[in-house]
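> Got a predicted structure here, sequence first:
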Number of protein chains: 2
Amino acid sequence: MSKFPIMFSMRHFLVVSLALNASLILRIVYDNEDDPSKYMGLKKTTTSEYDAKSRREVPIIHHLRLSASTLANSTCSDHPEDRDRIVNLDQGDPKMYEKYWRKMGDKTTITIPGWQSISYFSDITNICWFLEPEFAKEVVRLHNVVGNAVTEGRYIVVGTGSSQLILATFYALSPPDAAEPINVLSASPYYSSYPSMTDFQKSGLYKWGGDAKSFDKDGPYIELVTSPNNPDGYTRQPVVNRSGGILIHDLAYYWPHYTPISTTSDHDITLFTVSKSTGHAGMRIGWALVKDKEVAKRMTKFIELNTIGVSKDSQLRAAKILKLVSDSTEQENSQELSFFKYSYEIMEQRWKQLRASVEANGLFTLPNFPPEFCTFFNKETENLPAFAWMKCEKDIEDCQSFLGEHKILSRGGKHFGVSQRYVRVSMLDTDENFNLFIDRLSAMQI
Amino acid sequence: MSKFPIMFSMRHFLVVSLALNASLILRIVYDNEDDPSKYMGLKKTTTSEYDAKSRREVPIIHHLRLSASTLANSTCSDHPEDRDRIVNLDQGDPKMYEKYWRKMGDKTTITIPGWQSISYFSDITNICWFLEPEFAKEVVRLHNVVGNAVTEGRYIVVGTGSSQLILATFYALSPPDAAEPINVLSASPYYSSYPSMTDFQKSGLYKWGGDAKSFDKDGPYIELVTSPNNPDGYTRQPVVNRSGGILIHDLAYYWPHYTPISTTSDHDITLFTVSKSTGHAGMRIGWALVKDKEVAKRMTKFIELNTIGVSKDSQLRAAKILKLVSDSTEQENSQELSFFKYSYEIMEQRWKQLRASVEANGLFTLPNFPPEFCTFFNKETENLPAFAWMKCEKDIEDCQSFLGEHKILSRGGKHFGVSQRYVRVSMLDTDENFNLFIDRLSAMQI
C-alpha cells in the first residue's frame, strides 16, 4: 500500500507537465535511432523476450512478488497496458547494447564447428592454460586502442565473468596459513554483492571486513577499489592508508562511454568484464591484468579448482566482439559505427532525460560530475554512469519502496552499506524500459 | 634416473615381440577409421595442436619438467622422433572424440550472431534462471533416449562443468549454521580432485573427511558416489551406512560407451558433464538432476554468487551436440553414425589393445569386469572405463615414476588415496598418443 497518497493540486499538475515536456523534447532530439521494437518480431528465444518481465529467483531481488499476469504484460512503453507493467532496473542487465550489435549484422557472427572445444587446454605455454590466445590478443589490442590500462608486463587471467576473478584474487592474495582470514574491504557505497560473494563460503582465508572508510585494524587487508564506482559512478582511489594492504582495482566501468578516460590505469591487479564493456553479460567472460606472476598462477589455480577453466566458446566469441570494438574505433572515419561513440551518445541522452525529470519533480537528487578531458575522445566528456545513484528527498525515507510503489524495481541503499534514502537504478536497460522509467519518474509526486 | 636397468635376454625379446604383434594385429583389425592426422592441416588454433605436448602449469601435474625441444616434438606415432616424445595421459582430456565430431561435418556447427547472449537471464520462470531452455530440453531427451537417469520430477541446474556443480552441492547441502563443517567423503580410490576441491577455500561449511570406508564419526556427512568410479571404473554404491548421510551421485561416466546401462538411475542429486559424455571438455558444461526444490535453489544461488550464471554460448552449443547424439541414436538404421556405437567400438578396441599389451609383458594388472546386459544396446556389453587403473606388479613400487621413465605421464595412486603401486592412465587421448602408449607398454621390461 502506498504511504504517499496522491493529492492533486495545480502545482502538481505543473510539475508533471514540465517533466513530461522535458522528457518528450529530449526524446525527439536524441531518439534518432531505429525503433528497437521492430527487431522484436525477428527473435525467437533471445533474452530480450524477458525485457519487461520482472524476476523471481534472481540475484538479490528483495521485494515485490509478481503475478503471472504482470509478467505477461511485456509491451512497448506507449501501450496502455504499460501502466501496470513492472520495470525491473534492479540488476544492471546491459540490454541496451543489443541494438548496437544488431546494427552490426553479421560482422560479429561466429561459427563454431562441432569438433571444436574438445580439449580442456587452450595454450599450455601460458600460465593461464585455459586462456584462448585470440581472446588474449584482442584484450591487449582493445586496451591499447582505448588507452585505459597498461597491458605491458601483465599476465592475463580469463574468468567466468569478473565475479569468478574477484574470488580468484581473494584466494590468490590470502596468506594460506594465516591464523585469521584476511579482511576484504571496500568504501561505502560499495557494490552490493561484495559482502555476500566474500562470505558465502565461510572461507577461512578471507572475510568481509566492511566499509573501508571505518577500517582501523592492524595487519593485512584487501581493498577493492571500484572506479568508476558501482553504484555511484565516482572515480575512486584507495581509502585505507595503512601498511599491509593489497589493492584490487575493479575497473568494469572504466570505458569511454561511461567516464572520461583520464589516465592509463597501471595497477597490480585490474579487473574488466565484457558484461559492462560490450554488454555481453550472458557470455560470462571477464579478464584480469596481473603484474605478479605468482598471483596470476594462484588465480589460475583457483579457476582450475573451481571450474577447470573458462568456456572456450565464449572466449572465442568475446575475441570477435572485442575485435569489432577496436576496428570500429580505428576506422571511425569510415562507414563503421564506432561502438564507444554510439554508446556514449545513448548514455548522454539517457542522463539528460533523467536529470531533466529529476529536476522537474524535485523528489530526488543525483550525483554531479564536472566534465573532464577524455584522452580517448580527445575532448571534454561527461561522466555517464551505468547506474543512477538517486537520493530521495523530502520525507521519503525508503527510496526503494517509494519507487516500488510506482512499479520500478531498484536496489536500496542498505545493500551498498548506506541509508535507505538511496537507490541504485540501472541505466542500461532497453529503450522501452528506460523510457517507461522516465515517464513514471516525470509523473511522480508526493 | 631409471631404477630398472635394461637387461636384454631372449625372454625379454620374446615378450616384446609378442606384445608388439598383439598390438599390431588389433590395430589392423579395428583401426578402420580415417587417419585423424589428415585433418591436422585444416586446423589453425584448435586444441589438438597440443595433442602431443605435455603440460606445465596444468591440473595436478606432479612430475617431470619438460624441455622446449620435447614439447616441440609433436609428430605421429610412427615417426622416429616419437622415441623422445612425452605422452601425457595424466589428465582425462577427451581428445579421442574429436574424430567423431569431425565426421559429423556441419551437422553440429553453430552460428551465433553478435547480438546474442546480452542478458544475464535465460529463463526467469525457472529456478535455475540462467539455464537455457533448449539445453534443458536436450538433456531430458538424451536421458530418455539412453535410459540412464530419471528426469521426471527433477530440477535441472546447469554448471560451468561438473566441478562447479560439485561445489554447488556442497554449499546447498551444508547446514548453514552448524558449529563444525560437514564431512565430505568418498571411498578410495576416489577422484583425485575431490580433496583439493573441497578444501581449497578452507570453507567453514564443509571439509574433506577422507576415505568413506573408514569414516566412523557421528553426525551429518556428504558421500560422493562416483559410478562408474574414477579412477577404477567399478560400479559403486554408497559405503557409509550411518544416519545423517546425504548422497551425491557423480555419474559422469554412466554412458553406454563406458559401461553397461543396467538401471535407470534415480537418486536425489545426480551429476553429469559433456566433458565425458560427448567429449567437449572445453565447453565447461555440466548439469545436475535434483529432486529437492530447495537444494536446486541453493545450488543456483551458489552459481549466482560464484559466476552469475553459466556461458549461454556453450549451453547453446551443448544443446546442439546433445541433440545430434540423440538423433544419431534414434536414427541408427539410417546413414547417421551412432555416437554411442562408434565410441563403444573405439573404447572396446583400445581396451583389447591395452589388455593384450599388459598380458604380454606381465608387469601390470588391470581390473576385470564381467560383461553385463546393457538396456541401451539391448545386449551384453563390456565395461570400458575412461581410465585404465593399472597396478604395477613385481618389485615396481612407484608405478607413476616407472611409467614416467618411459615418458608416459600418469597419475599415481596416492592422489586417489591408495598405494603408489597404482596409476590412472587416460584412455581418451588421440589415436597417436594412445598407440604410442601401447607401443611403449608393449616394449616395457624390467
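Arrived safely.
> can you tell me which helix in chain A is longest?
Assignment by DSSP state H gives helix A:339-361 as the longest helix of chain A.
> residues in contact with residue A:217?
The neighbourhood of residue A:217, defined by CB atoms under 8 Å, 6 or more residues apart in numbering or on different chains, consists of A:183, A:209. To be clear about C-beta, it is placed using only N, CA and C from the backbone, and glycine gets the same treatment.
> pretty sure it is in a helix, no?
No. Residue A:217 sits outside any helix when classified using DSSP: H, G, I helix; E, B strand; the rest coil, being coil.
> That one and residue A:203, how far apart?
Distance, residue A:217 to residue A:203, using CB to CB, to the nearest Å: 18 Å.
> tell me which residues in the longest helix of chain A are buried?
By neighbour count on 16 or more other CB atoms under 10 Å in any protein chain shown, the buried set for helix A:339-361 is A:339-340, A:342-347, A:349-354, A:356-358, A:360-361.
> send the alpha carbons of it over as CSV?
Taking Å, rounded to 0.1, in the frame of the first residue of the first chain, the C-alpha atoms of helix A:339-361 are listed here in CSV:
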residue,chain,number,x,y,z
PHE,A,339,30.9,1.4,-30.6
PHE,A,340,32.1,3.8,-28.0
LYS,A,341,30.8,6.9,-29.8
TYR,A,342,27.4,5.3,-30.3
SER,A,343,27.2,4.1,-26.7
TYR,A,344,28.4,7.4,-25.4
GLU,A,345,25.6,9.2,-27.2
ILE,A,346,22.9,6.9,-25.9
MET,A,347,24.2,7.3,-22.3
GLU,A,348,24.4,11.1,-22.8
GLN,A,349,20.8,11.2,-24.0
ARG,A,350,19.6,9.0,-21.1
TRP,A,351,21.4,11.0,-18.5
LYS,A,352,19.9,14.2,-19.9
GLN,A,353,16.4,12.7,-19.8
LEU,A,354,17.0,11.5,-16.3
ARG,A,355,18.4,14.8,-15.0
ALA,A,356,15.5,16.7,-16.6
SER,A,357,12.9,14.5,-15.0
VAL,A,358,14.6,14.6,-11.6
GLU,A,359,15.0,18.3,-11.7
ALA,A,360,11.4,18.8,-12.7
ASN,A,361,9.8,16.8,-9.9
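> when you scan that helix, is anything in it near chain B?
No. Using CB under 8 Å from any CB of the partner chain, no contact is recorded between helix A:339-361 and chain B, whose separation bottoms out at 10.9 Å.
> ok, now stretch A:112-130?
Yes. With CB under 8 Å from any CB as the criterion, chain B is reached by stretch A:112-130 at A:112-122, A:124-127, A:129.
> for that stretch, which positions count as buried?
Counting neighbours by 16+ other CB under 10 Å, the buried set in stretch A:112-130 is A:112-124, A:126-130.
> Would you mind checking the average pLDDT for that stretch?
Taken as a whole, stretch A:112-130 carries a mean pLDDT of 96.
> Repeat that for stretch A:319-333.
Taken as a whole, stretch A:319-333 has a mean pLDDT of 90.
> quick one, the helix or strand that contains residue A:167 and helix B:161-173 angle?
Residue A:167 belongs to helix A:161-173 when elements are defined using DSSP states H and E. Regarding helix A:161-173 and helix B:161-173, their directions subtend 80 degrees when assessed with axes from the mean of the first three to the mean of the last three CA atoms, to 10 degrees.
> Helix A:161-173 and chain B in contact?
Yes. With CB under 8 Å from any CB as the criterion, chain B is reached by helix A:161-173 at A:161, A:163-164, A:167, A:171.
> and those residues as CSV, adding neighbour count and distance to residue B:288?
Below are these laid out as CSV (neighbours: other CB atoms under 10 Å in any protein chain shown; distance: CB to CB, whole Å):
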residue, neighbour count, distance to residue B:288
A:161, 25, 20
A:163, 22, 20
A:164, 27, 19
A:167, 25, 21
A:171, 22, 24
